[in-house]
Structures are given as C-alpha cells and as structure tokens.
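Visitor: fold the following and give me the result.
(chains A and B)
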Amino acid sequence: MDDLTLSERLRQRGVSRRGFMKFCAATASMMALPPILIPKIAAALEQARRPSVIWLSFQECTGCTESLTRSHAPTLEGLIFDHISLDYHHTLQAAAGDAAEHAREEAMKKHHGEYLLVVDGSIPLGENGNFSAIAGISNLEMLKEVAEGAAAIVSVGTCAAYGGLPMAKPNPTGAVSVEEIIKDKPIVNVPGCPPIPTVITGVLAHFLTFGGLPELDHLKRPKVFFGQNIHDRCYRRPFYERGQFAETFDDEGARKGWCLFKLGCKGPTTYNACATARWNEGTSWPVESGHGCIGCSEPNFWDAGGFYRALSLPHTDVGETILTAGAAGIAVGAAAAVLNRKNKSDAVKNRETITIKDLEKES
Amino acid sequence: MSGLDAIDVRVEGPGSLGTDNVLPLLHEIRHALQRLASTGEPTTIDLSSIPFAPQDRKQLFEILGEGEVEARVDAFGPSTVRETAFPGVWLVQHLNPHREELSALIEIARLPALLLTPEADVEESAAALGARLTA
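Guide: Residues are numbered from 1 along each chain as shown, chains lettered A, B, ... in the order given. Predicted coordinates:
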C-alpha cells in the first residue's frame, strides 16, 4: 500500500485519468502555479511516493490544525493529506502516551533523513524550556531531536514561523520561532493565524510533487503564495487608486465596498494569498467581508499598534496625502508601505504593556 | 413580521460595486485568441489566481456570453465545459463530488484538453472491447 504512487492511489479510488488531470489542474491552482505547468505536475505526481510526515504541536491554539482538517471533504487538500504518511500528530492520532511517542520514534528511525517535519506553535525557552512539554519531553528538546533526522521543516502558522501570540509582549514564556533554534535544516515558513488550508497543503503538494521546497522570500515564505502583498492583489485596489475610502464601518464607502486602508487595513504591509486563495471553501476573505487585513502572516503582528489604526495616520496626514494623490497609484502605495513598515516597527518598539488593572481602570 | 424587518437594508444591484478588474482580463483573452489564430498555441487562464470581486466574475461571464457547445464530464466530481459567444474561448469549471468548486479556468483553444480521450484510455478501451467480443 505504501509503495503506491499518488496516481495509482487515486485510480484505486476510482478516479479516472481525466479525473487525475482535473486533480492536477486543481493542484496547480492550489500551488499558485501557472496552468502551463499542469502536464509537468501530472508527470511528477504519476511517480510521487508517499512521504513520511511528523507533525509537532507546541505552544499553539490548534487553530492551524483546525484550519487544515476543517476544510470541506472530500477535498483536494484531503486527498493530498491522505497521501502523506502522517506518522505522528498527537492531536489527531488515536494512540496516546507511550504508544504515540513510540510511533514517532519508529518513523524517525525508519525514515531518517527523509521525513518532513511540520511544526505548529512556538517554543518556550524560559525556565529551561519547561513551560511546555509532551510526554515529559520539553518542546525544545523534542524539536531538536526530531529536526535532526528531518529532510526539511515546515513551520505552520505565525507562532512556529515568528513566535506569534505567545511571543507578544511581555512574552512570559520566552517563546521563539523554530528558526531561532534550528539553524542547519531547510525551513519553510507558512505563517498566518491560522494559515490558509490550501497554502499549507500547497507546500506539502510541492514537496510531494517536486521533492523539495518552493522558492522562498527573505522571511522564508514560499514566494508563490507570499510573493505579493494583500494590497496589490486586493480587488478593492482600484478604489484605493481612485482615492475612495471607507471612513467608518457603516458609511457610504463601506457599503459600496471601497478601500479599507483608513480603517486600519494592513494590506500594504502584509504578504499572503488570502485575496486569491480565500477562506471557507473559497467563499470569501476578510476584506471581502468588509474588515481590513490584520496582517496575521507578518512577524510581530500582535504588537503592531492596533488592528483598527491606520498605521500612517497618527504621525503624518498620509490619509489626506493618499486621497489627494490617489491617482499616483503604485508609487503612493509603495511610499505608504515604507512609511507603514516604519510606523509598525515604532509601534512594536514603543508598545506599552496593558494589564487587567489598567483595563478595569478605563472601564 | 420579525423585528429584523424594521431594519432598513439596502441591497446593491449587480455591477453597482464595479471595479476595474474585468477589462484587463478581456484584453488578455483577446491576445490569446490572436495567438491561437496565428500559431495554434492554446492558453489557459486560472480565474482563481486573479483578484476578483464576486461581481467581477459575474460581469466577465455576462460579457463572454454563451456559445454553441456545452459538455459535462463526470470525473472526480462534475466538470462543465462551455464555449462562450466568442468561439475558441471556453469556460471550464471543475467541481468536487460535493459540487464545490476546485478550479475555474478560461481556456483559449480549439478544444479544451479535458474533452480529449487520454491515450492510455484508448489503448485500454481497445483491449476491453476485444475481450468483450471474444468472451
């Protein structure tokens, strides 16, 4: 059974050759590759063998696993997910305790140097790494042990990729990302809170299809999904160009679907595939439902100065500048992005910790 | 009558939230048609890779209209293949067995690839019919 190629496995399930071609077309679409590559994908998937995957969950909320497993079935994601040999995932597997850890050790031994390690959640370094442990093994220790024999590591979710929510100030557990610890393995970051399911499986499909990791950007994100910012791929971009902005969530501009920049949309500084991959079975995505992007695939997004604050506005009158110069388009967009990046880093630097007592005082 | 009826909700008509996203795609299709006519080279455009508003796709389909040919393929869920009012421009929509969209493509071709019988199927078909006749 384990020796079957993906196409053989699909054929066994009654999927015809036309069905396989359709699967390849959808896979190309999911991997954000141009349709011209469909025959190449088909040729590669004809031969693709079942890779072993070990999935480790550390300081996380399980949202990343939920994102993947709650997708509708039977889906393309499901078929690809079925094809990998998921040898360890303590949230999903039936085995627990010693039996689960034994499965992990077996997979590590059997596929040493070949398995793919998927991690969700950040790793606490405080108190000698003892803030979080599985089966008596600290997250830090388990990560180092499993990473040693991995062919590559996929950090799924913003927590594993950049520290995420556990690392938000004041970072009580001393949380860090995977790449802060593992320096000698190829790592691909698939950030998002949670990441888009098709992007997670798109990276797995890439590994399955081409036997390696996709091309990455400077933050180790796959360029095919994170190569362009939300703003540049947003269907509301023409409103930005025309200087048409929603000023509140219930004004004329909001009803007409105008640009959400002034309501705090982080689209110009956020790189992700939401605008085309969409959410909930392709139904919609945050901006389409009327809410600005919160920048969840960027490092430190929790400490970036507030989801509803247009990052440019507190320091300079960028809103007005953009309204006047809306027609200048991309140049203004780029300038706003640079300014926003600066403001974002200032916000991260200057953010004050608010305690429960402070909140009670304000209310 | 529920309390919700008292809320004044205005429903925007189609096209009222129009963006400028459809026109560039129509030009891309026009260029692909010219290429098909001059060199025979087909083009496939993945609609899910284009940042469309919901009304954009509707508007695109309205402009492209309906042509003479429509086919349905049942393979790993239903797929529909429909020629538009512009011959050589096809809309191909792939659904999974739950009728949820897997991908939507515009193919600029004489015949979309999905409709061609795979070579291996032809060989197996000949063998299967031969076996049937000798049984």
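Visitor: now do the helices in the stretch 1-150 of chain A.
Guide: In the stretch 1-150 of chain A, the helices defined using DSSP state H, counting those that start in this stretch lie at A:6-12, A:17-30, A:38-47, A:63-69, A:76-83, A:97-110, A:126-129, A:139-148.
Visitor: can you tell me which of those helices the model trusts least?
Guide: Here the lowest mean pLDDT among these goes to helix A:76-83, at a mean of 67.
Visitor: is residue B:46 in contact with residue B:94, as I believe?
Guide: No - using C-beta atoms under 8 Å, residue B:46 is not in contact with residue B:94, being 11.0 Å away. Any C-beta I mention is one placed from the backbone N, CA and C, and that applies to glycine too.
Visitor: who has more neighbours out of those two?
Guide: Here residue B:46 and residue B:94 are set side by side on neighbour count (other C-beta atoms under 10 Å in any protein chain shown), and the busier one is residue B:94, at 26 against 20.
Visitor: the more buried one - nearest residue in space that isn't next to it in sequence?
Guide: Excluding the flanking residues, the one nearest residue B:94 by C-beta to C-beta, 6 or more residues apart in numbering or on different chains is residue B:102, at 4.4 Å.
Visitor: measure the one you found to residue B:25 for me?
Guide: In this view, residue B:102 and residue B:25 are 20 Å apart by C-beta to C-beta, to the nearest Å.
Visitor: which one of those two is surrounded by more residues?
Guide: Under the neighbour definition other C-beta under 10 Å, residue B:102 and residue B:25 were set side by side, and residue B:102 has more, 22 against 18.
Visitor: and the more buried one, which of the three is it?
Guide: The three-state label for residue B:102, taken from DSSP: H, G, I helix; E, B strand; the rest coil, comes out as strand.
Visitor: quick one, what contacts it?
Guide: By C-beta atoms under 8 Å, 6 or more residues apart in numbering or on different chains, the residues touching residue B:102 are A:22, A:25, A:26, A:29, A:76, B:77, B:94, B:95, B:96.
Visitor: mind picking the two most distant members of the residues you listed?
Guide: Greatest spatial distance in these: A:29 and B:77, 14.5 Å, computed using C-beta to C-beta.
Visitor: between those two, which is the more surrounded one?
Guide: In this view residue A:29 and residue B:77 are compared by other C-beta under 10 Å, and residue A:29 has more residues nearby, 26 against 21.
Visitor: and the residue lying closest to that one once chain neighbours are set aside, how many neighbours?
Guide: In space, and not counting its chain neighbours, residue A:29 is closest to residue B:103: 4.3 Å by C-beta to C-beta, 6+ apart. Around residue B:103 there are 23 other residues, counting by other C-beta under 10 Å.
Visitor: quick check: bridge partners of residue B:103?
Guide: With DSSP bridges as the criterion, residue B:103 is bridged to residue B:94.
Visitor: that one contacts residue B:46, doesn't it?
Guide: Yes - at 6.7 Å, residue B:103 counts as touching residue B:46 under the criterion of C-beta under 8 Å.
Visitor: what's the overlap in contacts for those two?
Guide: By the contact definition C-beta under 8 Å, 6+ apart, residue B:103 and residue B:46 are jointly contacted by residue A:29.
Visitor: got any ranges where chain B has weak pLDDT?
Guide: In the predicted model of chain B, residues B:1-5, B:7-19 satisfy pLDDT under 70.
Visitor: flag every residue of it that's near chain A.
Guide: B:10, B:12, B:16-17, B:19-21, B:44-46, B:48-54, B:56, B:73, B:75-77, B:79, B:94, B:96-98, B:100-103, B:105, B:113-114, B:118, B:120-121 (C-beta under 8 Å from any C-beta of the partner chain).
Visitor: which of these fall within strands?
Guide: Applying DSSP state E to the residues of chain B next to chain A, the entries found in strands are B:44, B:45, B:46, B:73, B:79, B:94, B:101, B:102, B:103, B:105.
Visitor: among these, which pair sits farthest apart?
Guide: Largest separation among those by C-beta to C-beta: B:45 and B:73, giving 19.2 Å.
Visitor: restricting to C-alpha, output stretch B:30-48 in CSV.
Guide: Taking only C-alpha atoms (Å, rounded to 0.1, in the frame of the first residue of the first chain), the coordinates of stretch B:30-48 have been written out as CSV:
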residue,chain,number,x,y,z
ARG,B,30,-8.1,38.9,-26.9
HIS,B,31,-4.3,38.5,-27.2
ALA,B,32,-4.6,34.7,-26.5
LEU,B,33,-7.2,34.4,-29.3
GLN,B,34,-4.9,36.2,-31.7
ARG,B,35,-2.1,33.8,-30.7
LEU,B,36,-4.4,30.8,-31.2
ALA,B,37,-5.4,32.1,-34.6
SER,B,38,-1.8,32.8,-35.8
THR,B,39,0.2,30.0,-34.2
GLY,B,40,-2.4,27.5,-32.9
GLU,B,41,-1.0,27.8,-29.4
PRO,B,42,-3.6,27.4,-26.7
THR,B,43,-3.7,29.4,-23.5
THR,B,44,-5.2,28.6,-20.1
ILE,B,45,-6.1,31.3,-17.5
ASP,B,46,-6.7,30.3,-13.9
LEU,B,47,-9.5,32.5,-12.7
SER,B,48,-8.7,31.7,-9.1
